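Undergrad: mind folding the following:
(chains A and B)
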Number of protein chains: 2
Amino acid sequence: MDVKDFLSPDSSTVGASASDLDPAFEHDLDLYFLGPKSEKRAFLFEALHLVLNDHVFWRRNYWPKDPPAIGYSKANGPDASHFREIFFTELFSLVSDLKLDVPVFSPRYMAHMISETTLPSLVAYFATLLYNPNNVSSEASPVTIRHELEVGKQFARLFGFDDRTSFGHLTSGGTIANYESLWFHKAGRFLPLAIEMARRTHDGKTGQKGADALYEFLNVPLEDGEWLLNEFLSEGSDPEMRWALLEGSLISHIGDARFRRAVEEMFETPWIEPVVIVPKTAHYCWRRSAGLFGLGRDNYRKVDVDNEFRTSPKDLERVLTECAEERCPIIQIVFVVGTTEFGSIDQVGELADVRDRMAAKGTYAPIHVDGAYGGYFATMFRRGADPVNTAEPEDRWIGESFHSFSRVDSVTVDPHKAGYIPYGAGSIVIKHGYLKDLVAENAPYCLDRENATDEEAPRPQLGKFILEGSKPGAVAASVWFSHKLIPLDQDGYGRQLRILCDIAREFDSKVTSRRRVRSLYRPHTNIVCLIIEDESVRSLSSLNALTEHLAVRFGVRDVLSIQVYDYLVSRTTMATELPLVRQDEYLQSLEQDASSVAVLRLVFMNRWVADKEAGGKTYLDDFLDRLETAADEWIAQN
Amino acid sequence: MDVKDFLSPDSSTVGASASDLDPAFEHDLDLYFLGPKSEKRAFLFEALHLVLNDHVFWRRNYWPKDPPAIGYSKANGPDASHFREIFFTELFSLVSDLKLDVPVFSPRYMAHMISETTLPSLVAYFATLLYNPNNVSSEASPVTIRHELEVGKQFARLFGFDDRTSFGHLTSGGTIANYESLWFHKAGRFLPLAIEMARRTHDGKTGQKGADALYEFLNVPLEDGEWLLNEFLSEGSDPEMRWALLEGSLISHIGDARFRRAVEEMFETPWIEPVVIVPKTAHYCWRRSAGLFGLGRDNYRKVDVDNEFRTSPKDLERVLTECAEERCPIIQIVFVVGTTEFGSIDQVGELADVRDRMAAKGTYAPIHVDGAYGGYFATMFRRGADPVNTAEPEDRWIGESFHSFSRVDSVTVDPHKAGYIPYGAGSIVIKHGYLKDLVAENAPYCLDRENATDEEAPRPQLGKFILEGSKPGAVAASVWFSHKLIPLDQDGYGRQLRILCDIAREFDSKVTSRRRVRSLYRPHTNIVCLIIEDESVRSLSSLNALTEHLAVRFGVRDVLSIQVYDYLVSRTTMATELPLVRQDEYLQSLEQDASSVAVLRLVFMNRWVADKEAGGKTYLDDFLDRLETAADEWIAQN
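TA: Next comes the predicted model:
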């Protein structure tokens, strides 16, 4: 008998969703948000009222005869009045400050990957906040740790991993998730070599020396690691002792330097420093990881991107061939699905082909997809219960890219981005779940190895397998509850994101009919980048000055009130050596007097942006009109 | 003109607190919690109602003439009814599951470092959740990033650091904060050597070679690093170029392996692997950091603890002397203030004396205090506005230990532990704020260097100086608002924690008058560990069996409802080689047939535990009676 038997039946049903209740129900997500005019305020009030009352009386009903800790007169006397006065004075001050924030809830906000959160996530977050569980272990969170592990399995299935052998969980954000991918894969990449060293040291095994032999052990796929580990541990009668022997060769235990020395002594060949392969568009957290792991930024090999900011398969082949020639071990290759700046999608299948070809020739590397932003877009390609929601976007290659996730080894995805969940909700799924045992505090011969991170386990564990310690169960409940009501398929998130991608493309088309505005390339997702073309602008520096002016005009400013904003967009820059810039006729026609090109960046997270604003135009058209007016004014003055 | 000029005046007042409003107001924290019987429910309802309405109408008043995005009929029609039905069905299911959680709000819960959260933190968290700012940069959080940086300064002042030259901020938890201490200090420890190498390589400087010369550069105190850096950058006319030269020698850029090779070539002496010094009681996240940073667990040198789990100054001296003899660079020494298991407080002053003595002899190391748990207890020793709250605890050495924080180099403290803030709220303060520039994405010659993390700056930045990326502004507002109403001194947190320490000591005394129960040692903070003594128990294994029985009896079980629990405590184990066990007459009198001793562990986070329960006894007495009864039953049966 354990807690899971008492959980409400649905909560352990894998992939249960609102659509189970009535397949004919159309999942229009309009109803799942508070709305720019707080249209759903009565509903939100009611839901919050329910969870708060429910909690309040739960407290009161625990040992009902225990006297109140705060007497009535104290809770309502002069001290309480004074407390009230101070509290509300300060609270008014706090909420008046909060209202200096930016209006991310409005269709007028198109600046960053942020919008209002879903009602389910908001209500569940608040409900769980009252209980405040800690997902570090099931003793501190009998319920929400299961939510977290179940979400991990949902993502595993979404990406085509086996949800029994993979391991997924939530992190405070995508940056930590990306660090974890390196942490897990580093442990796994050097395991076969560690096993070989332990055998040669302790089992009297003899083996070949030299660079060739070493290179072979450095290129055993992660798929084979668990088998090798189990084989090693099961030799002899005492797995605990076997593990102790192995620890003396594990890089996580002896450290990089000692590992290198041990390898050099045993194989009598110099150790080549390991590298990580990232595209030029990779998020800055990857550069940071180089310092954190002690690998050094220079050991991060950069792969070129094409004119739509996608990692180039051809250049990946070049980098991998270079690594093969240098014989450096590759900890992992990173692809990006949904670049922060442009929302570009890597062609995962074609890139995985390159990896597989190189692996067949003896140079292996696991693939990590940084889908912090783009991961949720996989839901656009997953059938739900409702046959109406099946249309796929125009570009078939994007769907194929998501279907190829099953070929990679780990994926980061941030519920707090395209999942419309409150911060901080990141996550990672690793395909090879046994890697968690290599980094765990408890050695993997322990009995709990089999199911320690299964949400069906009597006492699921988490803290010992992850980089973080104490962590909010409220985040887990928030993501889980949002997924419960908004399925991870074309009925739910997929429908919403599909609409946003369509809006981005519609906007992209709309822009081509404009006098001055130009979209840089057909968007892969929901981000569009714009420049202004005018014959008076004859140099990159002049174009940049114009863009900067518009970025300030439509950017977050130091304002007394959000009323000042009509529309909000962001800006980014592209280095002039990027293919998009080099291949753009217009940009090339300008005087090349700057090393980067500034562009306006619009992120569509709010589907009502296609609706009509106060003046009767759509927000999109109204924005474009105002953008051109502002550009005209600048041009007239410059 | 910038946002900070518009912030409510108090919010930028350093150290402002409720006591400013009326110094005579007694900060009885009873009123600051919802209470075990939800005594403050009307107040909480009112506060939440205010922030929600306030937010709702803020939305409605942005471009009031924009039409609603969700039409009235849609928001209230048949689809909406269907949505309601699904939503509330699932919500009831969720909240019924949440109620399988443990009753941490009750004085009957004494198991872990968790309790209900403060009302200010709960209300501020919820209020900010509605706005959902992202503290990665001020563009995404004009307000709450200032809250975060202000909290950093509050902690700096609490620990005796200069709040202008130090750098403090929030993390998702203490584990990440501890990683950051290593990350910052590693960057700083090797800076003087990097500068020397850059000078020899690029400036034609000549210098001594050999182990002695190397050792000198490896032992420059962090205090001197900023001066050396500025001196190096200001030579010549182009700091940007100077920085580029330096980057080629920075360990974060070239990686550990290349750094080692460069040093060995230049100094013609072998590189000795760097170490980290931790006490035997250090939290497991330190072991994990060894794998993360590639340092290896074996390079973590362990310092003995005394019979109250305090790091031994004498043994620290031994370890430091060993390091000096081996000439290994020490990245940092970790002390623990508030061990997870026992709440023990390291004697920071005496330990810092050892460090200073060794530094005078040429072996330097910065000190990091892991005060994830204990950091807030510093407020017990800080005078507030109210002269009534001045009594200091009986043990003078504990106060001295906190006063010695000003001598260390960084401190971790978790608001989500003794700060009564929702998860996940950790934090770190580093004394040498310039270290953040070494790890930053932007090079330190940038103009924004001076004040980029000052909450008074026009556009404060955070993301580029920390390990995490996107992060919830709600946490920052939550901590900030709680500190606003509950000052970090004897009027606020100090008063609450003082009461809890007194309760722990009162309980400790009470136990001595009991037949069977024994406290292991006089508690340093609010954690008490118990064993049962009975003449029928003749071996450690028998004692452990009894303790395990009681730990299950009073532990978190798989229950259908919290009504089953009368009291909740936790358990921990001590290795038999620890001084406490070796010096304990009773434990030594038992047959030594186990390698560890299990003990019951009580953490007092709820001050009402000294009040009376339903039966008219105090919770403390009632628990002890039930504990003895349970022990008697076990003894009779075994």
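Undergrad: tell me the domain ranges of chain A?
TA: For chain A, the structural domains run A:191-267, A:495-637, going by automatic domain parsing.
Undergrad: near chain B, anything from the last one?
TA: So that's domain A:495-637. Yes. On the criterion CB under 8 Å from any CB of the partner chain, domain A:495-637 is in touch with chain B at A:556, A:558-560, A:562-563, A:608, A:611-614. Where C-beta positions appear, they are placed from N, C-alpha and C, glycine not excepted.
Undergrad: ok, now stretch A:236-252?
TA: Yes. On the criterion CB under 8 Å from any CB, stretch A:236-252 is in touch with chain B at A:251-252.
Undergrad: outside of that stretch, which residues touch it?
TA: Residues outside stretch A:236-252 that contact it (CB atoms under 8 Å, 6 or more residues apart in numbering or on different chains): A:186-187, A:190-191, A:193-195, A:197-198, A:201-202, A:232-235, A:253-254, A:259, A:262, A:438-439, A:443-445, B:290-291, B:294, B:296-297.
Undergrad: can you check stretch A:257-270 too?
TA: Here stretch A:257-270 makes contact (CB under 8 Å, 6+ apart) with A:190, A:193, A:197, A:200-201, A:209-211, A:213-214, A:249, A:251, A:254, A:271, B:256-257, B:260, B:273, B:296, B:298.
Undergrad: one more: stretch A:304-318?
TA: The contact list for stretch A:304-318 (CB under 8 Å, 6+ apart) reads A:277, A:279-281, A:303, A:333, A:335-336, A:339, A:341-342, A:344-347, A:350-351, A:353-355, A:357-358, A:521, A:524, A:578-580, A:583.
Undergrad: from those, list just the buried residues.
TA: Taking 16 or more other CB atoms under 10 Å in any protein chain shown as the criterion, what is buried in the contacts of stretch A:304-318 is A:277, A:279-281, A:303, A:333, A:335-336, A:339, A:341-342, A:344-347, A:350-351, A:353-355, A:358, A:524, A:578-580.
Undergrad: of the contacts of stretch A:304-318, which belong to strands?
TA: A:277, A:279, A:303, A:333, A:335-336 (DSSP state E).
Undergrad: leaving aside the residues next to it on the chain, what's closest to A:Asn61?
TA: Nearest residue to A:Asn61 in three dimensions, chain neighbours excluded: B:Gln563, at 7.8 Å (CB to CB, 6 or more residues apart in numbering or on different chains).
Undergrad: which phi and psi does the one you found have?
TA: phi -60, psi -20 (degrees, to the nearest 10).
Undergrad: number of residues surrounding it?
TA: Neighbour count for B:Gln563, taken as other CB atoms under 10 Å in any protein chain shown: 12.
Undergrad: just A:Gly463 next, same as before
TA: A:Gly463 has 21 neighbouring residues, counting by other CB under 10 Å.
Undergrad: what do you get for A:Arg553?
TA: Residues near A:Arg553, counting by other CB under 10 Å, number 18.
Undergrad: now, of the contacts of stretch A:236-252, which are buried?
TA: A:186-187, A:190-191, A:193-195, A:197-198, A:232-233, A:253-254, A:259, A:262, A:438-439, A:443-445, B:290-291, B:294, B:296-297.
Undergrad: name the residues of the strand or helix carrying A:Arg301 that come out as buried.
TA: In this structure, A:Arg301 sits in strand A:300-303 according to DSSP states H and E. Residues of strand A:300-303 classed as buried: A:300-301, A:303 (neighbour count, 16+ other CB under 10 Å).
Undergrad: again, but for stretch A:264-272
TA: Using 16+ other CB under 10 Å as the test for burial, stretch A:264-272 gives A:266-267, A:269, A:271-272.
Undergrad: turn the residues you listed into JSON lines, including pLDDT and secondary structure.
TA: Below are the buried residues of stretch A:264-272 laid out as JSON lines (pLDDT from 0 to 100; DSSP: H, G, I helix; E, B strand; the rest coil):
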{"residue": "A:Met266", "pLDDT": "97", "secondary structure": "helix"}
{"residue": "A:Phe267", "pLDDT": "98", "secondary structure": "helix"}
{"residue": "A:Thr269", "pLDDT": "97", "secondary structure": "coil"}
{"residue": "A:Trp271", "pLDDT": "96", "secondary structure": "coil"}
{"residue": "A:Ile272", "pLDDT": "96", "secondary structure": "coil"}
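Undergrad: out of those residues, who's nearest chain B?
TA: A:Trp271 (8.2 Å; CB to the nearest CB).
Undergrad: which non-adjacent residue is nearest that closest one?
TA: Per CB to CB, 6+ apart, closest to A:Trp271 is A:Arg260, 4.3 Å.
Undergrad: ok and the host helix or strand of the one you found relative to helix B:251-267, angle-wise?
TA: Using DSSP H and E, A:Arg260 sits within helix A:251-267. Counting by axes from the mean of the first three to the mean of the last three CA atoms, to 10 degrees, helix A:251-267 points 40 degrees away from the direction of helix B:251-267.
Undergrad: run through the residues that contact the residue of the stretch 301-450 of chain A found nearest chain B.
TA: Using CB to the nearest CB, the single residue of the stretch 301-450 of chain A nearest to chain B is A:Tyr423, 3.7 Å away. By CB under 8 Å, 6+ apart, the contact list for A:Tyr423 reads A:173, A:416, B:132-134, B:470-474.
Undergrad: strands along chain A, start to end?
TA: Remark: strands assigned in chain A by DSSP E are A:167-171, A:275-279, A:300-303, A:330-336, A:367-370, A:410-412, A:426-430, A:517-519, A:527-532, A:570-575, A:596-603.
Undergrad: any chance of these in TSV, plus distance to B:His82 and mean pLDDT?
TA: TSV is the format used below for these (distance: least, CB to CB, whole Å; pLDDT from 0 to 100):
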stretch	distance to B:His82	mean pLDDT
strand A:167-171	30	98
strand A:275-279	44	97
strand A:300-303	48	96
strand A:330-336	39	98
strand A:367-370	36	98
strand A:410-412	33	98
strand A:426-430	30	98
strand A:517-519	39	95
strand A:527-532	33	96
strand A:570-575	37	93
strand A:596-603	31	96
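Undergrad: winner for burial among those?
TA: Burial of these is given as mean neighbour count (mean count of other CB atoms under 10 Å in any protein chain shown); strand A:410-412 ranks first at a mean of 32.
Undergrad: for it, packing partners?
TA: For strand A:410-412, the packing partners by 3 or more CB pairs under 8 Å, 6 or more residues apart in numbering or on different chains; DSSP states H and E come out as helix A:174-189, strand A:367-370, strand A:426-430.
Undergrad: tell me what the second one is packed against?
TA: Spelled out, it's strand A:367-370. Counting contacts by 3+ CB pairs under 8 Å, 6+ apart, strand A:367-370 is packed against helix A:174-189, strand A:330-336, helix A:348-360, strand A:410-412.
Undergrad: save these as a markdown table, and put in distance to B:Tyr109 too.
TA: Converted to a markdown table, the helices and strands packed on strand A:367-370 look like this (distance: least, CB to CB, whole Å):
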| stretch | distance to B:Tyr109 |
| --- | --- |
| helix A:174-189 | 30 |
| strand A:330-336 | 43 |
| helix A:348-360 | 48 |
| strand A:410-412 | 36 |
